[in-house]
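> Dropping the sequence and predicted coords here.
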Amino acid sequence: MDVKDLFLKDYIGKKVKISGWVKNHRKQKEFGFIDFSDGTTQKHLQVVYDNTLDNFDEIQKISVGSAIEVEGEIRKSPAKGQDFEMGLESITLLGDCPEDYPVQPKRHSDEFLREQAYLRARTNKYGAIFRIRSVAAFAIHKYFQENGYVYFNAPELTASDCEGAGEMFRVTTQDLDSIAKSKKYDSSKELFGKPVGLTVSGQLEAETWAMAYKKTYTFGPTFRAENSNTKFHANEFWMIEPEVAFCDLNGIMDIEEDCLKYIIKYVLDNCPDEINLLDKFVSKGLKEKLENVINSKFVRITHKEVIDILKDAENSGHKWEFKPEYGEDIAKEHETYITEYFKKPVFITDWPKDIKAFYMKLNKDGKTVAAADLELPGIGELMGGSQREEDYEKLSKRMDELHMDKAPYYWYLNLRKYGGCVHSGFGIGFERLLLYITGADNIRDVIPYPRTPGNCEF
């Protein structure tokens with residue numbers, strides 16, 4: 001039996017046996033209370049015992065963190081805040097825990113728990129966060145499967161840099177010491193006969209599946225060799241990347257909005273205890289914020305219109321750390337202002353081509369591309385999507401403008417020759433989404449074992 005079962009069906013008056021862990025142990029002279037959890041639910045079971053038990057003294061020696069098996073009758077509880085408790089009849093110590101166990105029943109800082117990452121899922125906060133991560137991942141698969149998408153497993157080893165930013169981790173089978181001594185690197189000696197790295201995105205490969213199945217999506221780890229130490233960046237993270245054939249920019253924004261609302265609602269419906277805990281102790285107003293997203297109609301506004309709003313604010317006395325300019329990217333402070341301005345999620349569309357990726361559809365003005373970034377209040381950019389350039393000549397020309405070596409991308413270009421069509425896609429940073437859903441403020445706290453500059457523990 002699981003603790004979760006006790007909250008799904010009435011067991012009062014029945015004897016049950018459950019295995020789990022001691023979360024807290026309050027000891028009195030003649031009785032004691034064990035705060036018991038088996039990890040199957042956010043809720044805990046209070047186990048009550050007294051000195052009528054033959055092994056009372058031994059029970060009192062059981063410490064926090066120990067694994068135990070308890071057996072007893074479920075009965076109504078006189079204590080406030082709980083409907084029932086267990087009257088302990090027998091207990092077995094399955095795994096002892098020393099007194100120096102790091103995760104004692106007290107408030108720990110996030111920084112301390114990152115150092116104890118292999119234990120932090122045992123705490124209430126991180127137990128809630130990582131359960132939500134699991135449920136949200138299932139919701140993502142459920143949404144796309146229910147809507148006729150084919151799940152695509154993008155390769156982790158690749159010779160193509162999707163973003164063209166040179167932030168790939170390089171993978172080699174050669175002896176690094178020998179290369180360092182000779183100061184020569186011969187890519188032909190690699191196992192694959194060419195330079196290979198860890199993928200920064202599965203998008204390009206996913207487009208090949210869209211040209212066969214119409215609707216596809218990836219959901220897997222991606223890697224960026226970026227020396228960034230912000231609260232929103234990690235070197236290993238998970239991405240959801242759908243690609244849809246016969247779909248333009250407006251169509252893909254409809255899908256993005258529908259998908260996000262579905263995931264959030266699924267988490268709210270299936271993790272009420274976790275959301276309530278995080279709302280109370282991590283981010284006040286979290287539940288209301290999430291419900292507002294579900295009930296909002298997302299704004300759609302062009303990059304030019306965004307700059308107009310930001311410049312109007314400046315003319316009205318607003319001070320910017322980074323001055324907003326036409327043709328340039330927007331800063332975090334600009335994203336925050338725009339979402340607060342509309343008080344709802346905002347799609348920013350039609351970005352200057354020079355600050356966007358090579359594969360995006362060139363608009364008729366020749367200066368902007370059919371791209372859309374979704375900005376959410378409190379976190380900024382969550383999704384990035386675009387209509388992909390389906391014209392072979394235009395895509396080839398754009399790659400030439402960027403001085404890209406087209407040889408590794410021959411197959412990607414060929415998609416435009418072999419029955420190419422209008423198609424679009426987007427990417428969701430899974431951890432960015434989790435930051436928004438859980439109210440956590442650091443990406444390191446929504447990844448079980450974060451990989452960031454200087455940190456590759458566990």
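On my side now, so go ahead.

> Look up how far residue 417 lies from residue 406.
13 Å (CB to CB, to the nearest Å). (C-beta placed from N, C-alpha, C; glycine too.)

> What pLDDT does the model give residue 439?
Per-residue confidence (pLDDT) for residue 439: 96.

> For burial, what's the neighbour tally of it?
21 (other CB atoms under 10 Å).

> Leaving out chain neighbours, which residue sits closest to it?
Once flanking residues are discounted, residue 439 sits nearest to residue 283: 2.6 Å by CB to CB, 6 or more residues apart in numbering.

> Isn't that neighbour up against residue 437?
No. If you go by CB atoms under 8 Å, residue 283 and residue 437 don't touch, sitting 10.1 Å apart.

> So the two - more neighbours on which side?
residue 437 (26 against 17).

> Specify the local secondary structure of that one.
helix (DSSP: H, G, I helix; E, B strand; the rest coil).

> so it makes contact with residue 265?
No. With contact defined as CB under 8 Å, residue 437 does not count as touching residue 265 (10.9 Å).

> How about residues contacting stretch 375-383?
232, 256, 260, 289, 293, 332, 335-336, 338-340, 343-348, 373-374, 426-429, 432-433, 435-436 (CB atoms under 8 Å, 6 or more residues apart in numbering).

> Please identify the buried residues of it?
The neighbour-count check on stretch 375-383 (16 or more other CB atoms under 10 Å) flags 375-377, 379-383 as buried.

> Helix or strand: which one has residue 276?
helix 272-281 (DSSP states H and E).

> what packs against that helix?
helix 124-146, helix 286-295 (3 or more CB pairs under 8 Å, 6 or more residues apart in numbering; DSSP states H and E).

> Report the angle between that helix and helix 124-146.
130 degrees (axes from the mean of the first three to the mean of the last three CA atoms, to 10 degrees).

> Just the mean pLDDT for helix 272-281, thanks.
Here the average pLDDT along helix 272-281 is 97.

> Quick check: the farthest pair among the buried residues of stretch 375-383?
Maximum pairwise distance among the buried residues of stretch 375-383 (CB to CB): 14.2 Å, between 377 and 383.

> can you tell me how far residue 424 sits from residue 374?
Per CB to CB, residue 424 is found 14 Å from residue 374.

> Over to residue 128?
Taking CB to CB, one finds residue 128 at 25 Å from residue 374.

> now do residue 51
Counting by CB to CB, the gap from residue 51 to residue 374 is 61 Å.

> ok, now residue 299?
Counting by CB to CB, the separation of residue 299 from residue 374 is 10 Å.

> who has more neighbours, the two?
Ranked by neighbour count (other CB under 10 Å), residue 299 and residue 374 place residue 374 first, with 22 against 16.

> ok, what's across the strand from that one?
On the basis of DSSP bridges, residue 374 is bridged to residue 347, residue 383.

> Would you mind confirming that it is in contact with residue 349?
No. Assessed by CB under 8 Å, residue 374 is found out of contact with residue 349, at 10.1 Å.

> Now list whatever residues contact both of these two.
residue 253.

> JSON lines for the buried residues of stretch 375-383, including pLDDT and distance to residue 70?
Formatted as JSON lines, the buried residues of stretch 375-383 follow (pLDDT from 0 to 100; distance: CB to CB, whole Å):
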{"residue": "375", "pLDDT": "96", "distance to residue 70": "49"}
{"residue": "376", "pLDDT": "92", "distance to residue 70": "44"}
{"residue": "377", "pLDDT": "85", "distance to residue 70": "45"}
{"residue": "379", "pLDDT": "84", "distance to residue 70": "42"}
{"residue": "380", "pLDDT": "86", "distance to residue 70": "47"}
{"residue": "381", "pLDDT": "91", "distance to residue 70": "48"}
{"residue": "382", "pLDDT": "93", "distance to residue 70": "43"}
{"residue": "383", "pLDDT": "95", "distance to residue 70": "46"}
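
> Now render those residues as a markdown table, adding distance to residue 97.
Output for those, formatted as a markdown table (distance: CB to CB, whole Å):
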| residue | distance to residue 97 |
| --- | --- |
| 375 | 46 |
| 376 | 41 |
| 377 | 42 |
| 379 | 37 |
| 380 | 42 |
| 381 | 43 |
| 382 | 40 |
| 383 | 43 |
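
> what's stretch 291-300 in contact with?
So stretch 291-300 is contacted by 253, 257, 260-261, 264-265, 268, 342, 344-347, 349, 372, 374, 376 (CB under 8 Å, 6+ apart).

> could you say which helix or strand contains residue 101?
Counting by DSSP H and E, residue 101 is found in no helix or strand.

> Could you double-check that it lies in contact with residue 67?
No. With contacts counted by CB under 8 Å, residue 101 stays clear of residue 67, the gap being 11.9 Å.

> rewinding a little: and which of the contacts of stretch 291-300 is nearest to residue 390?
Of these, the one sitting nearest to residue 390 (CB to CB) turns out to be residue 372, at 16.9 Å.

> State whether the closest one is indeed within a helix.
No. Counting by three-state DSSP, residue 372 falls outside a helix, being strand.
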